[in-house]
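# Fold the following and give me the result.
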Amino acid sequence: MAIKETQNGSYIIDYRDSEGRRHRELVKGPKTLAKEILHKKLTEAAEYKYFPERRNQKTTFKEAADRYWKLHASTSKGASKAKYVIDSLIKKFGSQRLDQIKTTDIQAYYNKKLKETSPSTANRNFSVIRSIFNKAIAWDMFQGLNPCNKVSRKKENPARMRFLTKDEIKLLLDKAPSNIKAILACALMTGMRRGEILNLTWNDVDLENGIIYIRDSKSGKSREIPMIPQLIEVFKGLRRCKGKIFKIKIECLRKRFNKLLDRLGIKDFCFHTLRHSFASQFVMNGGDLTILKSILGHSTMDLTLRYAHLAPDHIKKEIQVINSIFH
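All right, here's what the predicted structure looks like:
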């Protein structure tokens, strides 16, 4: 452990780390700086020797987030959404070490997100931050408590069953720009999720038999969706190409869709509401709830029963089968 001056007036510090390995580093500056750096290196070596768990405290948020994406989120069902959130979080916290990010920092981020978006969106972003820290702890990239544990969050408002009327559906499709019209038609005529539509390839569409095959759904189960003649004609009008049928990024689709809604004066609406519109119109026009469950790919009947109130006459008719027990 020493400091040696070089011919050009710089200094070389000589020291051993916590595992006994020898290091020699050049310091350009006065001797006082060399002494300060040497002292810091020796202190770190002592800390790592007696407190080895502190070695991993240098991990940055970006390093943890990148590994989280690679080992966990990239294989999840909502990978595209997770990637968008992770990238935005890296822009905010990326260069900071995990041990530098405090509960107050995450609370401030959450509060800002809450003002800019909805409670559900802010909560989804928060869930990703919390999960990144949990995985970092599990993978020995960070020691200590998850700073997300004490963040205060707002409860999400109960989802309102917003859906388009027949006139609104006609208006939306009539005025939709050509670059997203087929996507909107597919959502309104099948009830498919946005991700399912954007992942379609021509191998998934059987125009001859009028069937769309969903091979990788949110529930993890494949399913078949029958196509009405109007939708078959929509697909026949599209250009055949390799890969995905709809070559558009989610953010681009979102911007174009929101611009259309603003132009038409349609409020309280998002892309997922197209799925609600299909389901609501299906039930109101006499469709069976069990069949609807199959088309939508719901994992349980409870999800489908949200639309039961739209078919009071149908429910009343079906309940009459119980009469036979009392006659």
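# got the residue ranges for the helices in the stretch 201-327 of the chain?
For the stretch 201-327 of the chain, the helices defined by DSSP state H, counting those that start in this stretch occupy 229-236, 250-264, 272-284, 289-296, 301-304, 312-319.
# Let me have the ones you listed in CSV, adding distance to H23, mean neighbour count and mean pLDDT as columns.
Every C-beta, even on glycine, is put in place using the N, C-alpha and C of the backbone. Below are these laid out as CSV (distance: least, CB to CB, whole Å; neighbours: other CB atoms under 10 Å; pLDDT from 0 to 100):
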stretch, distance to H23, mean neighbour count, mean pLDDT
helix 229-236, 65, 14, 94
helix 250-264, 47, 14, 91
helix 272-284, 56, 20, 89
helix 289-296, 62, 17, 88
helix 301-304, 60, 14, 83
helix 312-319, 77, 11, 54
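# right, and the ones you listed - which one's nearest W139?
helix 250-264 (28.6 Å; CB to CB).
# Tell me what angle that closest one forms with helix 272-284.
Here helix 250-264 runs at 70 degrees with respect to helix 272-284, directions being taken by axes from the mean of the first three to the mean of the last three CA atoms, to 10 degrees.
# Give me the helices and strands touching helix 250-264, please.
In terms of contacts (3 or more CB pairs under 8 Å, 6 or more residues apart in numbering; DSSP states H and E), helix 250-264 is packed against helix 79-93, helix 166-175, helix 178-190, helix 194-198.
# so which of these gets nearest Y109?
Nearest of those (CB to CB): helix 79-93, 6.2 Å.
# With mean neighbour count, distance to I12 and mean pLDDT added, can I get the helices and strands packed on helix 250-264 in a markdown table?
Shown next, in a markdown table, are the helices and strands packed on helix 250-264 (neighbours: other CB atoms under 10 Å; distance: least, CB to CB, whole Å; pLDDT from 0 to 100):
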| stretch | mean neighbour count | distance to I12 | mean pLDDT |
| --- | --- | --- | --- |
| helix 79-93 | 16 | 36 | 89 |
| helix 166-175 | 14 | 72 | 91 |
| helix 178-190 | 19 | 63 | 94 |
| helix 194-198 | 20 | 58 | 92 |
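# For F133, see how far away C148 is.
6 Å (CB to CB, to the nearest Å).
# between those two, who's got more neighbours?
Per other CB atoms under 10 Å, whichever of C148 and F133 has more neighbours is F133, with 24 against 20.
# So that one is in contact with N149, correct?
No: between F133 and N149 there is no contact under CB atoms under 8 Å: 9.0 Å.
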